[in-house]
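Asks: 3D model of this:
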Amino acid sequence: MTPTSPRARRLAGTLYAYAFLTDLVLLYPVYALLFADTGLSVGQISSLFVIWSLAGIAVEVPSGAWADATSRRRLLGLAPLCTAAAFALWTLAPSYPAFAAGFVLWGAGGALASGATEALVFDELDHLGAADRYARVIGRARTAGTVGVLVSIVLASPALALGGYPAVGAASVVACLLAAAVATRLPEHRAGSTDLTGHTRDAPGEADEPGWWTGLRAGVAEARGNPAVRGAVLLVAVVTAVWGALDEYTPLLVRDTGVALTTVPLLLLVVTVGQVAGGLLAPVGQRLRIPGYAVLLAGSALALAGGALLAHPAGFLLVAVAFCGLQLASVLADARLQARIGGPARATVTSLAGMGTDLTIIAVYAGYGLVATLAGHPAAFAVAAVPYLVVAAALVIRPAGRRGPSAPVTAPPARDDLVWPHPPGRPT
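Replies: This is a model prediction of the structure:
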(Lines give C-alpha, C1' and ligand atoms only; values in the text may rest on other atoms or scores of the structure.)
Protein backbone atom coordinates (compact mmCIF):
# COMPACT_ATOMS: atom_id res chain seq x y z
CA MET A 1 0.00 0.00 0.00
CA THR A 2 1.45 3.35 -1.07
CA PRO A 3 2.09 5.84 1.76
CA THR A 4 -0.48 8.61 1.79
CA SER A 5 0.80 12.00 0.62
CA PRO A 6 -0.68 15.27 1.93
CA ARG A 7 -2.23 15.92 -1.51
CA ALA A 8 -3.89 12.49 -1.51
CA ARG A 9 -5.28 13.14 1.97
CA ARG A 10 -6.56 16.53 0.80
CA LEU A 11 -8.26 14.93 -2.19
CA ALA A 12 -9.87 12.29 0.02
CA GLY A 13 -11.07 14.80 2.61
CA THR A 14 -12.62 17.02 -0.04
CA LEU A 15 -14.32 14.03 -1.65
CA TYR A 16 -15.76 12.91 1.70
CA ALA A 17 -17.18 16.38 2.36
CA TYR A 18 -18.68 16.44 -1.14
CA ALA A 19 -20.28 13.00 -0.72
CA PHE A 20 -21.67 13.92 2.71
CA LEU A 21 -23.21 17.20 1.56
CA THR A 22 -24.59 15.67 -1.64
CA ASP A 23 -26.63 13.20 0.44
CA LEU A 24 -27.49 15.61 3.26
CA VAL A 25 -30.94 16.07 1.75
CA LEU A 26 -33.65 16.59 4.34
CA LEU A 27 -36.26 15.93 1.66
CA TYR A 28 -35.11 12.30 1.38
CA PRO A 29 -37.35 10.85 4.13
CA VAL A 30 -40.37 13.06 3.39
CA TYR A 31 -40.58 13.79 -0.34
CA ALA A 32 -43.09 10.98 -0.86
CA LEU A 33 -45.23 12.60 1.85
CA LEU A 34 -44.88 15.96 0.07
CA PHE A 35 -46.18 14.39 -3.13
CA ALA A 36 -49.13 12.78 -1.34
CA ASP A 37 -49.99 15.91 0.63
CA THR A 38 -49.98 17.89 -2.63
CA GLY A 39 -52.75 15.57 -3.82
CA LEU A 40 -50.89 13.14 -6.08
CA SER A 41 -52.21 9.61 -6.45
CA VAL A 42 -50.08 6.50 -6.00
CA GLY A 43 -50.02 6.08 -9.78
CA GLN A 44 -48.76 9.63 -10.26
CA ILE A 45 -46.07 9.14 -7.62
CA SER A 46 -44.95 5.91 -9.30
CA SER A 47 -44.79 7.70 -12.65
CA LEU A 48 -42.47 10.29 -11.09
CA PHE A 49 -40.04 7.53 -10.06
CA VAL A 50 -40.09 6.22 -13.64
CA ILE A 51 -39.33 9.72 -14.96
CA TRP A 52 -36.45 9.95 -12.48
CA SER A 53 -34.93 6.66 -13.64
CA LEU A 54 -35.36 7.42 -17.34
CA ALA A 55 -33.78 10.87 -16.97
CA GLY A 56 -30.71 9.35 -15.33
CA ILE A 57 -30.40 6.65 -17.98
CA ALA A 58 -30.75 9.16 -20.85
CA VAL A 59 -28.01 11.46 -19.53
CA GLU A 60 -25.65 8.85 -18.03
CA VAL A 61 -23.41 7.93 -20.97
CA PRO A 62 -23.42 11.32 -22.76
CA SER A 63 -22.42 12.99 -19.50
CA GLY A 64 -19.59 10.50 -19.07
CA ALA A 65 -18.27 11.39 -22.50
CA TRP A 66 -18.61 15.06 -21.60
CA ALA A 67 -16.55 14.45 -18.45
CA ASP A 68 -13.82 12.84 -20.56
CA ALA A 69 -13.86 15.69 -23.08
CA THR A 70 -13.90 18.60 -20.62
CA SER A 71 -13.49 18.93 -16.87
CA ARG A 72 -14.71 16.26 -14.48
CA ARG A 73 -14.51 18.76 -11.64
CA ARG A 74 -16.84 21.09 -13.54
CA LEU A 75 -19.44 18.35 -13.85
CA LEU A 76 -19.13 17.54 -10.15
CA GLY A 77 -19.89 21.20 -9.47
CA LEU A 78 -22.84 21.29 -11.87
CA ALA A 79 -24.44 18.09 -10.54
CA PRO A 80 -25.57 19.44 -7.12
CA LEU A 81 -26.67 22.69 -8.78
CA CYS A 82 -29.11 20.66 -10.90
CA THR A 83 -30.37 18.94 -7.77
CA ALA A 84 -30.66 22.25 -5.92
CA ALA A 85 -32.79 23.62 -8.77
CA ALA A 86 -35.02 20.54 -8.53
CA PHE A 87 -35.59 20.97 -4.80
CA ALA A 88 -36.18 24.71 -5.17
CA LEU A 89 -38.81 23.99 -7.82
CA TRP A 90 -40.55 21.48 -5.53
CA THR A 91 -40.51 23.91 -2.62
CA LEU A 92 -41.70 27.01 -4.47
CA ALA A 93 -44.28 25.44 -6.81
CA PRO A 94 -45.38 22.01 -5.51
CA SER A 95 -47.38 20.37 -8.29
CA TYR A 96 -47.11 17.35 -10.57
CA PRO A 97 -45.41 19.29 -13.44
CA ALA A 98 -42.92 20.79 -10.98
CA PHE A 99 -42.21 17.41 -9.41
CA ALA A 100 -41.71 15.84 -12.84
CA ALA A 101 -39.35 18.62 -13.95
CA GLY A 102 -37.53 18.32 -10.64
CA PHE A 103 -36.96 14.61 -11.10
CA VAL A 104 -35.56 15.26 -14.59
CA LEU A 105 -33.11 17.73 -13.05
CA TRP A 106 -32.27 15.38 -10.17
CA GLY A 107 -31.75 12.45 -12.52
CA ALA A 108 -29.54 14.56 -14.76
CA GLY A 109 -27.53 15.76 -11.76
CA GLY A 110 -26.93 12.24 -10.56
CA ALA A 111 -25.81 11.18 -14.03
CA LEU A 112 -23.42 14.13 -14.32
CA ALA A 113 -21.61 13.03 -11.17
CA SER A 114 -21.68 9.25 -11.51
CA GLY A 115 -18.97 8.60 -14.09
CA ALA A 116 -17.03 11.79 -13.41
CA THR A 117 -16.53 11.04 -9.71
CA GLU A 118 -14.85 7.66 -10.08
CA ALA A 119 -12.78 8.81 -13.07
CA LEU A 120 -11.53 11.95 -11.32
CA VAL A 121 -10.65 10.12 -8.09
CA PHE A 122 -8.82 7.26 -9.82
CA ASP A 123 -6.85 9.51 -12.18
CA GLU A 124 -5.92 11.96 -9.42
CA LEU A 125 -4.72 9.16 -7.15
CA ASP A 126 -2.80 7.67 -10.07
CA HIS A 127 -1.27 11.09 -10.73
CA LEU A 128 -0.07 11.10 -7.10
CA GLY A 129 1.26 7.53 -7.33
CA ALA A 130 -1.46 6.29 -4.96
CA ALA A 131 -3.84 4.44 -7.30
CA ASP A 132 -3.76 1.46 -4.93
CA ARG A 133 -5.74 3.56 -2.44
CA TYR A 134 -8.72 3.94 -4.77
CA ALA A 135 -10.86 1.25 -3.11
CA ARG A 136 -10.17 2.71 0.34
CA VAL A 137 -11.03 6.26 -0.73
CA ILE A 138 -14.15 5.43 -2.76
CA GLY A 139 -15.39 3.10 -0.01
CA ARG A 140 -15.07 5.83 2.60
CA ALA A 141 -16.75 8.30 0.26
CA ARG A 142 -19.77 6.01 0.01
CA THR A 143 -19.75 5.73 3.79
CA ALA A 144 -19.73 9.53 4.04
CA GLY A 145 -22.78 9.62 1.76
CA THR A 146 -24.59 7.06 3.93
CA VAL A 147 -23.81 9.13 7.02
CA GLY A 148 -25.25 12.14 5.20
CA VAL A 149 -28.50 10.24 4.66
CA LEU A 150 -28.61 9.27 8.35
CA VAL A 151 -28.10 12.87 9.43
CA SER A 152 -30.80 14.04 7.03
CA ILE A 153 -33.24 11.56 8.56
CA VAL A 154 -32.44 12.83 12.05
CA LEU A 155 -32.77 16.51 11.07
CA ALA A 156 -35.87 16.17 8.89
CA SER A 157 -38.33 15.80 11.78
CA PRO A 158 -37.35 18.96 13.72
CA ALA A 159 -37.05 20.95 10.48
CA LEU A 160 -40.50 19.78 9.42
CA ALA A 161 -41.90 20.70 12.83
CA LEU A 162 -40.36 24.17 12.71
CA GLY A 163 -41.08 25.23 9.16
CA GLY A 164 -42.92 22.48 7.31
CA TYR A 165 -41.98 21.44 3.80
CA PRO A 166 -40.55 24.89 2.89
CA ALA A 167 -37.95 24.59 5.68
CA VAL A 168 -37.00 21.05 4.66
CA GLY A 169 -36.76 22.08 1.01
CA ALA A 170 -34.68 25.16 1.78
CA ALA A 171 -32.25 23.13 3.89
CA SER A 172 -31.89 20.62 1.05
CA VAL A 173 -31.12 23.40 -1.43
CA VAL A 174 -28.47 24.86 0.91
CA ALA A 175 -26.78 21.46 1.28
CA CYS A 176 -26.59 21.09 -2.50
CA LEU A 177 -25.13 24.58 -2.90
CA LEU A 178 -22.49 23.77 -0.29
CA ALA A 179 -21.65 20.57 -2.18
CA ALA A 180 -21.16 22.59 -5.37
CA ALA A 181 -18.83 24.93 -3.50
CA VAL A 182 -16.81 22.01 -2.15
CA ALA A 183 -16.48 20.61 -5.69
CA THR A 184 -14.41 23.65 -6.66
CA ARG A 185 -11.74 22.46 -4.20
CA LEU A 186 -11.25 19.11 -5.91
CA PRO A 187 -7.92 18.84 -7.78
CA GLU A 188 -7.75 17.95 -11.45
CA HIS A 189 -4.57 17.28 -13.40
CA ARG A 190 -5.58 16.48 -16.96
CA ALA A 191 -4.56 17.90 -20.33
CA GLY A 192 -7.09 20.41 -21.54
CA SER A 193 -9.08 20.32 -18.31
CA THR A 194 -11.01 23.42 -17.30
CA ASP A 195 -12.00 24.83 -13.98
CA LEU A 196 -15.52 25.95 -13.04
CA THR A 197 -14.93 29.38 -14.60
CA GLY A 198 -14.12 27.79 -17.96
CA HIS A 199 -10.39 28.56 -17.80
CA THR A 200 -8.41 25.95 -19.72
CA ARG A 201 -5.49 24.35 -17.95
CA ASP A 202 -2.53 22.83 -19.80
CA ALA A 203 -0.66 19.73 -18.75
CA PRO A 204 2.58 19.58 -20.74
CA GLY A 205 3.74 16.17 -21.80
CA GLU A 206 0.31 14.54 -21.67
CA ALA A 207 -1.81 13.55 -24.65
CA ASP A 208 -4.84 15.68 -25.43
CA GLU A 209 -8.12 14.36 -24.07
CA PRO A 210 -10.61 13.13 -26.71
CA GLY A 211 -13.45 15.27 -27.96
CA TRP A 212 -17.00 14.44 -26.89
CA TRP A 213 -17.94 12.24 -29.85
CA THR A 214 -14.51 10.66 -30.07
CA GLY A 215 -14.50 9.95 -26.36
CA LEU A 216 -18.00 8.47 -26.50
CA ARG A 217 -17.02 6.12 -29.32
CA ALA A 218 -13.76 5.21 -27.60
CA GLY A 219 -15.52 4.40 -24.33
CA VAL A 220 -18.20 2.28 -25.97
CA ALA A 221 -15.58 0.50 -28.08
CA GLU A 222 -13.46 -0.30 -25.03
CA ALA A 223 -16.44 -1.57 -23.05
CA ARG A 224 -17.58 -3.76 -25.97
CA GLY A 225 -14.25 -4.87 -27.41
CA ASN A 226 -12.16 -5.51 -24.31
CA PRO A 227 -13.39 -8.69 -22.56
CA ALA A 228 -11.77 -7.67 -19.26
CA VAL A 229 -13.50 -4.28 -19.26
CA ARG A 230 -16.79 -5.73 -20.48
CA GLY A 231 -16.79 -8.30 -17.68
CA ALA A 232 -15.97 -5.63 -15.10
CA VAL A 233 -18.81 -3.41 -16.36
CA LEU A 234 -21.28 -6.29 -16.07
CA LEU A 235 -19.99 -7.17 -12.61
CA VAL A 236 -20.55 -3.60 -11.39
CA ALA A 237 -24.07 -3.55 -12.83
CA VAL A 238 -25.21 -6.81 -11.24
CA VAL A 239 -23.48 -6.51 -7.89
CA THR A 240 -24.53 -2.90 -7.30
CA ALA A 241 -28.06 -2.96 -8.71
CA VAL A 242 -29.71 -5.87 -6.92
CA TRP A 243 -29.06 -4.90 -3.32
CA GLY A 244 -29.43 -1.21 -4.24
CA ALA A 245 -32.97 -1.92 -5.41
CA LEU A 246 -33.72 -4.07 -2.36
CA ASP A 247 -32.79 -1.17 -0.10
CA GLU A 248 -36.00 0.57 -1.19
CA TYR A 249 -38.09 -2.36 0.04
CA THR A 250 -36.35 -2.96 3.37
CA PRO A 251 -38.95 -0.95 5.36
CA LEU A 252 -41.69 -3.20 3.97
CA LEU A 253 -39.71 -6.28 4.99
CA VAL A 254 -39.35 -4.84 8.49
CA ARG A 255 -43.05 -4.13 8.76
CA ASP A 256 -43.87 -7.71 7.77
CA THR A 257 -42.15 -8.98 10.93
CA GLY A 258 -45.00 -7.47 12.96
CA VAL A 259 -42.93 -4.99 14.97
CA ALA A 260 -44.38 -1.69 16.14
CA LEU A 261 -44.14 1.22 13.75
CA THR A 262 -41.73 2.99 16.11
CA THR A 263 -39.35 0.00 15.91
CA VAL A 264 -39.04 0.14 12.12
CA PRO A 265 -36.44 2.95 12.08
CA LEU A 266 -34.32 1.10 14.66
CA LEU A 267 -34.08 -2.03 12.52
CA LEU A 268 -33.38 0.08 9.44
CA LEU A 269 -30.57 1.73 11.41
CA VAL A 270 -29.03 -1.70 12.02
CA VAL A 271 -29.03 -2.37 8.26
CA THR A 272 -27.55 1.06 7.55
CA VAL A 273 -24.74 0.44 10.01
CA GLY A 274 -23.95 -2.68 8.01
CA GLN A 275 -23.64 -0.57 4.86
CA VAL A 276 -21.32 1.85 6.64
CA ALA A 277 -19.12 -1.03 7.79
CA GLY A 278 -18.96 -2.41 4.26
CA GLY A 279 -17.56 0.84 2.92
CA LEU A 280 -14.97 1.06 5.68
CA LEU A 281 -13.79 -2.52 5.08
CA ALA A 282 -12.62 -1.73 1.54
CA PRO A 283 -8.88 -1.78 2.43
CA VAL A 284 -9.26 -5.28 3.87
CA GLY A 285 -11.45 -6.49 1.01
CA GLN A 286 -8.93 -5.25 -1.54
CA ARG A 287 -6.65 -8.12 -0.54
CA LEU A 288 -9.24 -10.70 -1.65
CA ARG A 289 -8.41 -12.99 -4.56
CA ILE A 290 -11.08 -14.09 -7.00
CA PRO A 291 -12.16 -17.13 -4.93
CA GLY A 292 -12.40 -14.94 -1.82
CA TYR A 293 -14.54 -12.43 -3.68
CA ALA A 294 -16.83 -15.24 -4.80
CA VAL A 295 -17.13 -16.40 -1.18
CA LEU A 296 -18.00 -12.82 -0.17
CA LEU A 297 -20.83 -12.72 -2.71
CA ALA A 298 -22.14 -16.18 -1.83
CA GLY A 299 -21.98 -15.56 1.92
CA SER A 300 -23.78 -12.24 1.56
CA ALA A 301 -26.47 -13.87 -0.57
CA LEU A 302 -27.07 -16.61 1.99
CA ALA A 303 -27.19 -14.09 4.84
CA LEU A 304 -29.67 -11.97 2.86
CA ALA A 305 -31.98 -14.87 2.10
CA GLY A 306 -31.69 -16.35 5.60
CA GLY A 307 -32.34 -13.06 7.36
CA ALA A 308 -35.37 -12.28 5.20
CA LEU A 309 -36.92 -15.77 5.45
CA LEU A 310 -36.49 -15.77 9.22
CA ALA A 311 -39.32 -13.20 9.32
CA HIS A 312 -38.19 -12.07 12.78
CA PRO A 313 -36.52 -8.85 13.99
CA ALA A 314 -33.39 -10.84 14.83
CA GLY A 315 -33.11 -11.70 11.16
CA PHE A 316 -32.11 -8.13 10.40
CA LEU A 317 -28.72 -8.79 11.95
CA LEU A 318 -28.19 -11.19 9.03
CA VAL A 319 -29.60 -8.65 6.58
CA ALA A 320 -27.13 -6.09 7.97
CA VAL A 321 -24.29 -8.57 7.46
CA ALA A 322 -25.50 -9.12 3.88
CA PHE A 323 -25.65 -5.40 3.13
CA CYS A 324 -22.19 -4.99 4.65
CA GLY A 325 -20.79 -7.66 2.34
CA LEU A 326 -22.63 -6.36 -0.73
CA GLN A 327 -21.53 -2.78 -0.12
CA LEU A 328 -17.94 -4.05 0.11
CA ALA A 329 -18.43 -6.16 -3.03
CA SER A 330 -19.76 -3.11 -4.89
CA VAL A 331 -16.74 -1.00 -3.94
CA LEU A 332 -14.37 -3.78 -5.03
CA ALA A 333 -16.25 -4.26 -8.32
CA ASP A 334 -15.86 -0.54 -9.01
CA ALA A 335 -12.14 -0.72 -8.17
CA ARG A 336 -11.81 -3.74 -10.47
CA LEU A 337 -13.39 -1.78 -13.31
CA GLN A 338 -11.14 1.25 -12.81
CA ALA A 339 -8.05 -0.99 -12.80
CA ARG A 340 -9.02 -2.45 -16.17
CA ILE A 341 -9.80 0.75 -18.09
CA GLY A 342 -6.80 1.51 -20.27
CA GLY A 343 -8.05 4.23 -22.63
CA PRO A 344 -8.67 7.95 -22.05
CA ALA A 345 -12.47 7.58 -21.86
CA ARG A 346 -12.55 6.47 -18.22
CA ALA A 347 -15.68 8.44 -17.28
CA THR A 348 -17.54 7.16 -20.36
CA VAL A 349 -16.83 3.53 -19.52
CA THR A 350 -17.78 4.13 -15.89
CA SER A 351 -21.01 5.77 -17.03
CA LEU A 352 -21.80 2.71 -19.15
CA ALA A 353 -21.54 0.67 -15.95
CA GLY A 354 -23.84 3.20 -14.29
CA MET A 355 -26.37 2.90 -17.08
CA GLY A 356 -26.21 -0.88 -16.82
CA THR A 357 -26.83 -0.54 -13.09
CA ASP A 358 -29.88 1.67 -13.66
CA LEU A 359 -31.36 -0.69 -16.23
CA THR A 360 -30.77 -3.66 -13.94
CA ILE A 361 -32.43 -1.83 -11.06
CA ILE A 362 -35.55 -1.31 -13.16
CA ALA A 363 -35.59 -5.04 -13.95
CA VAL A 364 -35.20 -5.85 -10.24
CA TYR A 365 -38.09 -3.50 -9.39
CA ALA A 366 -40.33 -5.32 -11.86
CA GLY A 367 -39.27 -8.79 -10.71
CA TYR A 368 -39.54 -7.89 -7.05
CA GLY A 369 -43.06 -6.53 -7.50
CA LEU A 370 -44.17 -9.76 -9.17
CA VAL A 371 -42.62 -12.11 -6.60
CA ALA A 372 -43.67 -10.00 -3.60
CA THR A 373 -47.25 -9.88 -4.86
CA LEU A 374 -47.38 -13.66 -5.25
CA ALA A 375 -45.30 -14.83 -2.27
CA GLY A 376 -44.55 -11.86 0.02
CA HIS A 377 -41.54 -9.71 0.78
CA PRO A 378 -39.37 -12.37 2.50
CA ALA A 379 -39.63 -14.64 -0.54
CA ALA A 380 -38.84 -11.72 -2.87
CA PHE A 381 -35.66 -10.92 -0.91
CA ALA A 382 -34.62 -14.58 -1.03
CA VAL A 383 -35.16 -14.77 -4.79
CA ALA A 384 -33.18 -11.55 -5.26
CA ALA A 385 -30.21 -13.20 -3.55
CA VAL A 386 -29.98 -15.85 -6.29
CA PRO A 387 -28.13 -13.66 -8.85
CA TYR A 388 -25.27 -13.26 -6.38
CA LEU A 389 -24.93 -17.04 -6.08
CA VAL A 390 -24.87 -17.29 -9.87
CA VAL A 391 -22.17 -14.61 -10.19
CA ALA A 392 -20.11 -16.25 -7.43
CA ALA A 393 -20.28 -19.60 -9.20
CA ALA A 394 -19.36 -18.00 -12.55
CA LEU A 395 -16.28 -16.37 -11.02
CA VAL A 396 -15.08 -19.67 -9.59
CA ILE A 397 -15.61 -21.83 -12.69
CA ARG A 398 -14.23 -19.39 -15.29
CA PRO A 399 -11.75 -21.04 -17.66
CA ALA A 400 -8.33 -21.06 -16.04
CA GLY A 401 -6.74 -19.51 -19.10
CA ARG A 402 -8.58 -16.24 -18.60
CA ARG A 403 -7.00 -15.41 -15.27
CA GLY A 404 -4.30 -16.53 -12.91
CA PRO A 405 -5.33 -18.97 -10.19
CA SER A 406 -4.80 -16.41 -7.45
CA ALA A 407 -5.28 -13.07 -9.21
CA PRO A 408 -6.40 -10.22 -6.93
CA VAL A 409 -9.98 -9.14 -7.49
CA THR A 410 -8.71 -5.72 -8.59
CA ALA A 411 -5.94 -7.02 -10.89
CA PRO A 412 -6.35 -6.97 -14.69
CA PRO A 413 -6.95 -10.59 -15.76
CA ALA A 414 -5.22 -10.11 -19.10
CA ARG A 415 -1.83 -9.56 -17.41
CA ASP A 416 -1.32 -11.64 -14.28
CA ASP A 417 2.09 -10.03 -13.74
CA LEU A 418 0.48 -6.59 -13.76
CA VAL A 419 -1.24 -6.33 -10.42
CA TRP A 420 -2.79 -3.49 -8.52
CA PRO A 421 -2.11 -0.55 -8.37
CA HIS A 422 -0.76 -0.16 -11.92
CA PRO A 423 -3.47 0.73 -14.46
CA PRO A 424 -3.46 -1.24 -17.73
CA GLY A 425 -1.07 -0.01 -20.38
CA ARG A 426 1.32 1.74 -18.00
CA PRO A 427 4.82 0.55 -17.14
CA THR A 428 5.25 -1.32 -13.87
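Asks: So which elements touch the helix or strand L352 falls within?
Replies: Assigned by DSSP states H and E, L352 belongs to helix 346-375. Packed against helix 346-375, as judged by 3 or more CB pairs under 8 Å, 6 or more residues apart in numbering; DSSP states H and E, are the following elements: helix 42-69, helix 96-127, helix 212-225, helix 227-246, helix 315-340, helix 377-384. For every residue, glycine as well, the C-beta is placed using N, CA and C.
Asks: Turn those helices into TSV, including mean pLDDT.
Replies: Supplementary listing: these in TSV, determined by pLDDT from 0 to 100:
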stretch	mean pLDDT
helix 42-69	80
helix 96-127	90
helix 212-225	66
helix 227-246	88
helix 315-340	92
helix 377-384	93
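Asks: Need the winner for burial among those helices.
Replies: helix 315-340 (a mean of 25; mean count of other CB atoms under 10 Å).
Asks: Please identify which of the helices and strands packed on helix 346-375 is closest to A86.
Replies: A86 lies closest, by CB to CB, to one member of these: helix 96-127, at 3.7 Å.
Asks: What is that closest one packed up against?
Replies: helix 6-22, helix 42-69, helix 72-92, helix 134-183, helix 315-340, helix 346-375.
Asks: and P378, how far is that from G258?
Replies: Using CB to CB, to the nearest Å, P378 is found at 12 Å from G258.
Asks: Kindly apply the preceding question to G307 instead.
Replies: In terms of CB to CB, G307 sits 16 Å off from G258.
Asks: Spatially nearest residue to C176 (excluding sequence neighbours)?
Replies: With CB to CB, 6 or more residues apart in numbering as the criterion, C176 has its nearest non-adjacent residue at 3.6 Å, and that residue is A84.
Asks: Please list all residues in contact with the one you found.
Replies: Neighbouring residues of A84 by CB atoms under 8 Å, 6 or more residues apart in numbering: S172, V173, C176, L177, A180.
Asks: Do you know the pLDDT at it?
Replies: For A84, the pLDDT comes out at 97.
Asks: OK, contacts around the residue nearest to Y368 when sequence neighbours are not counted?
Replies: Leaving aside its sequence neighbours, Y368 sits nearest to A380 (CB to CB, 6+ apart; 5.0 Å). By CB under 8 Å, 6+ apart, A380 lies in contact with Y249, Y368, V371, A372.
Asks: What is the most widely separated pair among those?
Replies: Y249 and V371 (10.8 Å).
Asks: Quick check: I341 touching R230?
Replies: No - counting by CB atoms under 8 Å, I341 stays clear of R230, with 11.3 Å between them.
Asks: if we can go back for a sec, could I get the contacts of A380 as TSV with neighbour count and pLDDT?
Replies: Shown next, in TSV, are the contacts of A380 (neighbours: other CB atoms under 10 Å; pLDDT from 0 to 100):
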residue	neighbour count	pLDDT
Y249	18	82
Y368	20	85
V371	17	88
A372	20	85
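Asks: In contact with T263, which residues are there?
Replies: T263 touches V254, P313, counting by CB under 8 Å, 6+ apart.
Asks: So it lies in a helix, does it not?
Replies: Yes - judged by DSSP: H, G, I helix; E, B strand; the rest coil, T263 forms part of a helix.
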